[in-house]
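Participant: have a look at this prediction, sequence included:
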Amino acid sequence: MNKRFKSLAATLSSVLLTLLGLTILTFLIGRVMPVDPVIAAVGDNAPEDVIMRARAEMGLDQPLPVQFLHYLGQLLHGDLGVSVLTKNPVAQDIARFFPATFELATAALILAVVIGVPLGVWAAVRQGSVTDQAIRVVCLAGHSVPVFMLSLISLLVFYSALDIAPGPGRQDIIYDGMIDSVTGILTIDTLISGDFGAFRDALAHMAQPVIILAYFSMAYIARMTRAFMIDALKGEYIITARAKGLSLTTVIWGHAFPTVAVQLVTVLALTYAGLLEGAVVTETVFSWPGLGQYLTLSLMNADMNPVVGSTLLIGVIYVGLNLFADILYQMLDPRVRS
Amino acid sequence: MITTFTNWALDESPSSRRQAAWGNRYRTWLKLRTNPLGMIGLSIIAVFVAIAIFAPLLATHDPATQDLANRLARPSAVHWFGTDELGRDIYSRIVYGGRVTLGMVIAVVVLVAPIGLAIGCIAGYFGGIVDTILMRLTDIFLAFPRLVLALAFVAALTPGIESAVLAIALTAWPPYARLARAETMTVRGSDFIAAYRLTGGSAWRIIFRHIAPLCIPSLVVRVTLDMSSIIITAASLGFLGMGAQPPSPEWGAMIATAKRFIFDQWWVATIPGIAIFLVSLAFNFIGDALRDVLDPKES
């Protein structure tokens, strides 16, 4: 128990150090900006004394370490500064935009797991066969096509040419403002309001970006599942199970897969983080009002507070996911536990 | 000539270190040659590199010359891939864009691979506090998805090819450092390293002459697999307006400007997209094949 506590303390302290590093890095990014924030606030033609006063008011006349401590203090109070573009506090903006990204990434992860894991297992069982090669090509292609290109082509084919999918955006204009935002996750909010037409509409709008993101991350999941599964199938207990006369299906899913599932936890955490990245690009193409679009719009306008805030949030999620995977791994794998 | 080389390289009892090294390389190549996907990838990359080198000879038009009377033309005998919104020849822009993409990839790899290798080997060899500090630093950079961190870096600098290369490089080194560290840890306790230390070899000499070369094969695989990710990140930065800037025929930037006409003149955006896809797929094919050949765990 003591040993376990010690290892937990070590993990936590290293996570805290990483988080501190994250804040230093984002702080520095926010300070090395192309536009002087003081000039941006008071204008080019402001007299010298106004500029000086503004600089002092914004705390930018202080040495960098002092500024950093101030920034850290603000962070701990959940204050990420104000966005020049939306005029809202960044934390409030992020709270509004993040659920849309969360919805997109989570749905994509579920779809990617449901398809990617069986594909990986199948490829491993048929290692070296045509099936294996075909799955390999499909997966590598998924990793090679830029997400924004796939999004554009999907809009071109399914929205413009075939007209079977809705266009960009999260919902149809007729539902705009009709659904009360409870969770910010539209599929859940529409269900709460009991409007099934709106629910179907929300699902239809999600279909294209979710399938594209899922394809992109499925590639990685399937490749890793295949690699883990090939290792697992080499185990002597597999030969024993087969020799006992158990069917191939039972051996694969009952004996080999559970050992693979533990390793997949880490892969899924990484995939989810990768999905946040994919969402940045997908959201700009599909005009999806999420964190990615917020980040890119702020970038184009050199609005640094939202950029730093969103980057920091994604970093923190990333670290959190890794920690979560570590802990889950320790709980699931008896070898790590002992 | 070729048969003499083959016989010399495949000699079971090489008489020099050089002969043994070439023998190893040649055997790797023979194994790689049996991998169809790897060979397809290699051919595509060879063509791509040739196109980038001989761009002035292959282009039919000047990639920057505008012809507003002839804008958004369909593919034809004169303009093989049509023209863009300023009447520039898309085929010639794709050809010249290969130079931009190839240049960016090479620049990133040249910047990143030695840094990652050095940091990883140093951390792995010395261990202790050096290892802790370097790995904590690596973790911080690994804690962001690549594109997001690169976007933030570019925003802090100014958008452009140089910033994009720098930003991608800043986000690309940590995996190499991790890999080199892991490889170093496996060899640092071996007898031959102890022997070098006994003969008085300095730590730096051991790291850079004897450990780093051993890390290179797995690093090569990782770099090759990473090439496609670098290409896609560069294109995504261009697409988001944060990488190469418009007059440059960078493929991602070309798609960014052409996305406005995707529904009417689909080829303007699709053709650079296909170019990115092919090159990135080719690198993935090669990386995958190399992993099969070079990874000792697989065999």
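Facilitator: That came in fine, so what should we check first?
Participant: going forward, measure contacts between C-alpha atoms and count neighbours the same way
Facilitator: Noted.
Participant: how many other residues sit next to B:L166?
Facilitator: 20 (other Cα atoms under 10 Å in any protein chain shown).
Participant: what's the closest non-adjacent residue to it?
Facilitator: With Cα to Cα, 6 or more residues apart in numbering or on different chains as the measure, B:V108 is the residue that lies nearest to B:L166, at 7.3 Å, once sequence neighbours are left out.
Participant: I figured the one you found hits B:A169, correct?
Facilitator: Yes. Under the criterion of Cα atoms under 8 Å, B:V108 makes contact with B:A169 at 5.3 Å.
Participant: residues from the stretch 201-338 of chain A in reach of chain B?
Facilitator: A:273-274, A:276-277, A:280-281, A:296, A:299-300, A:302, A:307-308, A:311, A:314-316, A:318-319 (Cα under 8 Å from any Cα of the partner chain).
Participant: just give me the neighbour total for the residue in chain B that chain A sits nearest to.
Facilitator: Residue of chain B nearest chain A, by Cα to the nearest Cα: B:A156 (4.3 Å). Around B:A156 there are 24 other residues, counting by other Cα under 10 Å.
Participant: ok, B:A256 next?
Facilitator: 21.
Participant: list the contacts for it?
Facilitator: B:G238, B:F239, B:L240, B:G241, B:A269 (Cα atoms under 8 Å, 6 or more residues apart in numbering or on different chains).
Participant: buried residues, the strand or helix carrying A:A108. List them.
Facilitator: For A:A108, the host element (DSSP states H and E) is helix A:90-125. Neighbour-count burial for helix A:90-125 flags A:90-91, A:93-94, A:96-113, A:115-117, A:119-125 (criterion: 16 or more other Cα atoms under 10 Å in any protein chain shown).
Participant: need the contact list for residue 222.
Facilitator: Defaulting to chain A. A:A222 neighbours (Cα under 8 Å, 6+ apart): A:G116, A:V117, A:P118, A:L119, A:G120, A:V121, A:C139.
Participant: that answer is for a different chain, and I need it for chain B
Facilitator: Going by Cα under 8 Å, 6+ apart, the list of residues near B:R222 reads B:Y176, B:G287.
Participant: gap between it and B:V105?
Facilitator: Distance of B:R222 to B:V105, given as Cα to Cα, to the nearest Å: 14 Å.
Participant: so where does the residue nearest to B:L166 fall, helix or strand?
Facilitator: helix B:90-126.
Participant: average pLDDT for the next helix or strand after that helix?
Facilitator: Using DSSP H and E, the helix or strand that follows helix B:90-126 in sequence is helix B:128-142. If you average the pLDDT over helix B:128-142, you get 86.
Participant: kindly report the same for stretch A:17-37.
Facilitator: 77.
Participant: quick one: buried residues of it?
Facilitator: For stretch A:17-37, by 16+ other Cα under 10 Å, it's A:17-19, A:21-31, A:33, A:37.
Participant: check stretch A:187-196 too.
Facilitator: Here stretch A:187-196 shows A:T187, A:I188, A:D189, A:T190, A:I192 as buried, counting by 16+ other Cα under 10 Å.
Participant: helices or strands next to the host helix or strand of the last one in the packing?
Facilitator: A:I192 belongs to helix A:186-193 when elements are defined using DSSP H and E. Contacting helix A:186-193 under the criterion 3 or more Cα pairs under 8 Å, 6 or more residues apart in numbering or on different chains; DSSP states H and E are the following elements: helix A:196-233.
Participant: around chain B, which positions in the stretch 51-200 of chain A sit nearby?
Facilitator: Going by Cα under 8 Å from any Cα, the residues of the stretch 51-200 of chain A near chain B are A:L140, A:A141, A:H143, A:S144, A:V145, A:P146, A:F148, A:M149, A:L152, A:I153, A:L156, A:S160.
Participant: most widely separated two among the residues you listed?
Facilitator: Set against one another by Cα to Cα, these have their most distant pair in A:L140 and A:S160, with a gap of 27.7 Å.
Participant: tell me which other helices or strands the helix holding B:V108 touches.
Facilitator: So helix B:90-126, by 3+ Cα pairs under 8 Å, 6+ apart, packs with helix B:36-53, helix B:55-58, helix B:128-142, helix B:161-187, helix B:212-239, helix B:251-258, helix B:266-294.
Participant: for B:I232, which residues are in contact?
Facilitator: B:I232 neighbours (Cα under 8 Å, 6+ apart): A:S144, A:V145, A:P146, B:I276, B:S280.
Participant: and which of these is nearest B:I262?
Facilitator: Among these, and counting by Cα to Cα, the member closest to B:I262 is A:P146, at 15.8 Å.
Participant: run a quick neighbour tally on that closest one.
Facilitator: Neighbour tally, A:P146, other Cα under 10 Å: 27.
Participant: also A:G274?
Facilitator: Other residues within reach of A:G274, judged by other Cα under 10 Å, total 20.
Participant: pLDDT at it, what is it?
Facilitator: 81.
Participant: spit out the contact partners of B:Y196.
Facilitator: When contacts are counted by Cα under 8 Å, 6+ apart, B:Y196 touches B:I206.
Participant: go through the helices and strands packed on helix B:90-126 and pick out the most buried.
Facilitator: helix B:251-258 (a mean of 26; mean count of other Cα atoms under 10 Å in any protein chain shown).
Participant: run the chain-centre distance for that helix.
Facilitator: Relative to its chain's centre, helix B:251-258 lies at 21 Å (Cα atoms, centre = their mean, to the nearest Å).
Participant: do the same with stretch A:296-311
Facilitator: 17 Å.
Participant: ok, now stretch A:254-263?
Facilitator: 25 Å.
Participant: likewise for stretch B:157-168?
Facilitator: The answer for stretch B:157-168 is 16 Å, by Cα atoms, centre = their mean.
Participant: quick check: the gap between B:Y176 and B:L142.
Facilitator: In terms of Cα to Cα, B:Y176 sits 11 Å off from B:L142.
Participant: where does A:L80 land in three-state SS?
Facilitator: Under the three-state scheme (DSSP: H, G, I helix; E, B strand; the rest coil), A:L80 adopts coil.
Participant: thanks a lot, catch you later.
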